[in-house]
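S.K.: got a predicted structure here, sequence first:
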Amino acid sequence: MAGKTMFEKIWDHHVIVDEEGELLLYVDRAYIHEGSSHAFAALDARNRTVARPRQVFAHADHYVPTATRKGGVEGIAIPEIRNMVKLLQANTARHGVTLFGIDDPRQGILHIVPPEQGITQPGLLIVGADSHTSTHGAFGSLAFGAGASEVMHVMATQQLWQRKPATLRIMVSGKLGFGVSAKDLILAIIAKIGVFGGAGHVLEYAGTAVTGLTMEGRMTLCNMSIEAGARAGMVAPDDTTYAYMEGRPYAPKKGAEWARALESWKSLPTDAGAAFDKEVSLDGGAVAPMVTWGTNPEQGAAVTGKVPDVRDIRDDNKRAETEAALDYMGLQSGMSLQDIKVDRVFIGSCTNARIEDLRAAAEVARLGKAVVPAWIVPGSGTVKAQAEKEGLDRIFITAGFEWREPGCSLCTAINGDQLKPGERCASTSNRNFRGRQGTGGRTHLLSPAMAAAAALKGRLTDVRELLKS
Amino acid sequence: MQPFTNLTGIAVPIDEPNIDTNQLCPTRFNKVPRGPRHRDILFHDRRFNTDGSEKEHLLNVEPFKRAQIIVANRNWGGGSSRESAVYALYEFGIRCVIAPSFADIHSNNCAKNGLLPVVLPDAVCAAIRKQLNENPGATVSVDLAAQTVTDTQGKSYRFEIHPVRKKCLLEGLDDIARTAQYGDRFEAFEAAYKKERSWLYTS
């Protein structure tokens, strides 16, 4: 008999009811944030409480300031923003939900804290109030984002109605080259399959270029699955996963408990011979550092390349789309990507604010001085403390970068950190949509090392040249 | 949830593909509690200048100000899971979006709020948008029970929808009530699951 994919094993393990293909699934963990105020309001409107408060984890991340934490929540200057952080405190306290709040040393982004704390584990079904919940699939769990109605339902019942998605395996052979990171790989995958290429599918990333990644790299990869239209992305758990898990606060305790968990985790990877609905393959060794030039994540290219020349585009719709993107971005058709000057640099977000990302950026930052404003926003208090222990903060500050407090910051641009109209930012975040980083702002997505290189040069630049010299 | 049965209304064509939820509801409006303010949040940064004055946009002009249906292009509603994008559509008066394809989360969010997402082929959507561009104010009809869309010239197209989603929309059913029927099965499932994966419940 043909085996099962990892996705199918996890899915089947969580089915409670099947109503004509609409399945009621058991949810292991739910991750929420300040924006979940709508879900709490819907819960209140129905006079419901949180069914399993110990399985819901809340994070103050979207609205917290990153310039300073002096004064805690009361120190937030803008009342509407302060209110969002306070509302989360009030809602979680009232419902008995664990909160990683603004004053907690572990506080950080909802896709960075749960893995650090061992809350994210292999084999789980995780629902998050944020589309980048796909991040947690890096551990061999099934994790996806949902809107307020579905999150409210999860909080009220610890269950969720879903239809079974299809499966798509992305096989990446070889090994990523010098100066190339998981961020470049996922941008290359999205450029290849498109922003709708993964829709209706759960992605499983496999192959030597994927298994060769650290957990941080795997999280970056799975994080941006949603930018290919897929709700979830996964990587099979292996020794890298188990080594990362061991000893984390919420991980199984050493001894019999760990042994039982490990046995369960080892049964998760896709069986040999299991069939996927779709397969895509890529040569990892051929991936170059990537940057986006347009207004969605598929509009990207190797940094050594050019902005598309609209005269070369035959398809009328495609040409109109490209022209509109270039117009918004203020770019010339056919220009070299490395001729694009940037006004500022942002290194942070749930995609790229883990310790490994900061190490990669610091390795570049130590080679010079930032010539444009450049921010480093660690993903969590834990990342920040580790970076400071390693002296990365000193490297950044010496190179003229700004060392800030943890949060979503300039990725989602709602805590007061935002671009001015027309401002151009080299950003390690995940979305280059119009206005995403502030009304009229222009975003170029790239890796932490590439972002640091852009800060030193004041333009998009091939980090490999800097690292070689 | 308000049921959706059938609707004949003014339809507005939106030709641009890949309209993400940031366009439907710019992130800074996520903190606005659901309500009438959402009417002007829809496509806010495309409809309004920073001083609040109106930009040139279809949704700012008659007859499209009164639109109840959007006929869109491929990959409608990608990006963020924000349900405020649906609140904005709903408060504007939109009850149905017809498109060649929808992003998964946004499609669910629409259906959970009584707003019908209809998938029709690319060529059909393009043809209806063309009719609407040429004849602003023309109406389109949607009949959920029959699973048909009728264009401005009276031509009908059948669309597919999952039977459970259809039933929930037609009857305005709430998921929580559906789930409650299976309380016993949940209890039994959870008890067995906790035993099997006890390590998840000790911390």
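M.R.: Thanks, I have the structure now.
S.K.: any idea how far the residue nearest the centre of chain B lies from residue B:59?
M.R.: Geometric centre of chain B, nearest residue: residue B:110, 3.7 Å, by Cα atoms, centre = their mean. Distance of residue B:110 to residue B:59, given as Cβ to Cβ, to the nearest Å: 18 Å. To be clear about C-beta, it is placed using only N, CA and C from the backbone, and glycine gets the same treatment.
S.K.: that older thread, am I right that the residue nearest to the centre of chain B is in a helix?
M.R.: Yes: Residue B:110 forms part of a helix when assessed by DSSP: H, G, I helix; E, B strand; the rest coil.
S.K.: show me where chain B has helices.
M.R.: With DSSP state H as the criterion, chain B has helices at B:21-24, B:38-41, B:44-47, B:84-92, B:104-111, B:122-134, B:163-171, B:175-180, B:183-196.
S.K.: give the rounded mean pLDDT of the third one.
M.R.: By that I understand helix B:44-47. Taken as a whole, helix B:44-47 has a mean pLDDT of 97.
S.K.: longest helix anywhere in chain A?
M.R.: Ranking each helix of chain A by length (DSSP H) puts helix A:79-95 first.
S.K.: doesn't residue A:346 belong to a strand?
M.R.: Yes: according to three-state DSSP, residue A:346 belongs to a strand.
S.K.: isn't it up against residue A:428?
M.R.: Yes: the criterion here is Cβ atoms under 8 Å, and residue A:346 meets it with residue A:428 at 6.6 Å.
S.K.: between the two, which is the more surrounded one?
M.R.: residue A:428 (30 against 27; other Cβ atoms under 10 Å in any protein chain shown).
S.K.: against residue A:46, how distant is that one?
M.R.: As judged by Cβ to Cβ, residue A:428 and residue A:46 stand 40 Å apart.
S.K.: likewise residue A:318?
M.R.: With distances taken as Cβ to Cβ, residue A:318 is found 46 Å from residue A:46.
S.K.: what's the answer for residue A:186, then?
M.R.: Note on residue A:186: its distance to residue A:46, by Cβ to Cβ, is 38 Å.
S.K.: those two: which is more packed in?
M.R.: residue A:186 (29 against 12).
S.K.: any regions of chain A where pLDDT drops low?
M.R.: Segments of chain A classed as low confidence (criterion: pLDDT under 70) are A:1.
S.K.: nope, chain B is what I was after
M.R.: Counting by pLDDT under 70, chain B contains low-confidence ranges at B:203.
S.K.: so in it, which strand runs the longest?
M.R.: Secondary structure of chain B per DSSP state E: the longest strand is strand B:6-13.
S.K.: residue boundaries of the helices in the stretch 351-469 of chain A?
M.R.: Using DSSP state H, counting those that start in this stretch, the helices of the stretch 351-469 of chain A run over A:355-365, A:381-389, A:392-398, A:448-457, A:463-468.
S.K.: how far is stretch A:323-334 from where the chain is centred?
M.R.: Taking Cα atoms, centre = their mean, to the nearest Å, one finds the center of stretch A:323-334 at 27 Å from the center of the full chain.
S.K.: and that stretch, which residues are buried?
M.R.: Residues of stretch A:323-334 classed as buried under the neighbour-count rule (16 or more other Cβ atoms under 10 Å in any protein chain shown) are A:325-326, A:329, A:331.
S.K.: now swap in stretch B:4-14 and tell me
M.R.: Buried, per 16+ other Cβ under 10 Å, within stretch B:4-14: B:4, B:7, B:9-14.
S.K.: could I have the CA atoms of that stretch written out in PDB?
M.R.: This file holds the C-alpha atoms of stretch B:4-14, laid out as PDB (Å, rounded to 0.1, in the frame of the first residue of the first chain):
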ATOM      1  CA  PHE B   4     -27.400  34.700   1.900                       C
ATOM      2  CA  THR B   5     -30.100  33.400  -0.500                       C
ATOM      3  CA  ASN B   6     -30.200  35.400  -3.600                       C
ATOM      4  CA  LEU B   7     -29.400  38.900  -4.800                       C
ATOM      5  CA  THR B   8     -29.800  41.200  -7.700                       C
ATOM      6  CA  GLY B   9     -27.700  44.300  -7.400                       C
ATOM      7  CA  ILE B  10     -25.300  46.800  -9.000                       C
ATOM      8  CA  ALA B  11     -22.000  45.100  -9.600                       C
ATOM      9  CA  VAL B  12     -18.600  46.900  -9.700                       C
ATOM     10  CA  PRO B  13     -15.800  45.600 -11.900                       C
ATOM     11  CA  ILE B  14     -12.300  45.500 -10.300                       C
END
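S.K.: is it anywhere near chain A?
M.R.: No: applying Cβ under 8 Å from any Cβ of the partner chain, one finds stretch B:4-14 separated from chain A by no less than 13.2 Å.
S.K.: residues making contact with that stretch?
M.R.: Contacts to stretch B:4-14, defined as Cβ atoms under 8 Å, 6 or more residues apart in numbering or on different chains, come from residues B:58-59, B:63-64, B:66-73, B:95-96, B:98, B:114-116, B:128-130, B:132-133, B:137-145, B:152, B:169-170, B:172.
S.K.: put the buried members of the residues you listed into a PyMOL selection.
M.R.: Entered in PyMOL, the line below selects the buried ones among these, by 16+ other Cβ under 10 Å:
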select buried, chain B and resi 58+59+64+67+68+69+70+71+72+73+95+96+98+114+115+116+128+129+132+138+139+140+141+142+144+152+169
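S.K.: among the contacts of stretch B:4-14, which are in strands?
M.R.: Under the assignment DSSP E, these contribute B:69-71, B:96, B:98, B:116, B:139-143 to strands.
S.K.: and those, which two are the farthest apart?
M.R.: By the measure Cβ to Cβ, B:70 and B:143 form the most distant pair in the ones in strands among the contacts of stretch B:4-14, at 17.4 Å.
S.K.: tell me how many other residues crowd the residue lying closest to residue A:439 once chain neighbours are set aside.
M.R.: Distances taken as Cβ to Cβ, 6 or more residues apart in numbering or on different chains put residue B:45 closest to residue A:439, at 5.4 Å, once the chain neighbours are dropped. Applying other Cβ under 10 Å, we find 19 other residues in the vicinity of residue B:45.
S.K.: list the contacts for residue B:45?
M.R.: Residue B:45 touches A:434-435, A:439, B:23, B:26, counting by Cβ under 8 Å, 6+ apart.
S.K.: quick one on the thing from earlier: compile the buried residues of stretch A:323-334 into TSV and extend it with columns for distance to residue B:193 and secondary structure.
M.R.: Listed next are the buried residues of stretch A:323-334 as TSV, based on distance: Cβ to Cβ, whole Å; DSSP: H, G, I helix; E, B strand; the rest coil:
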residue	distance to residue B:193	secondary structure
A:325	47	helix
A:326	52	helix
A:329	49	helix
A:331	53	coil
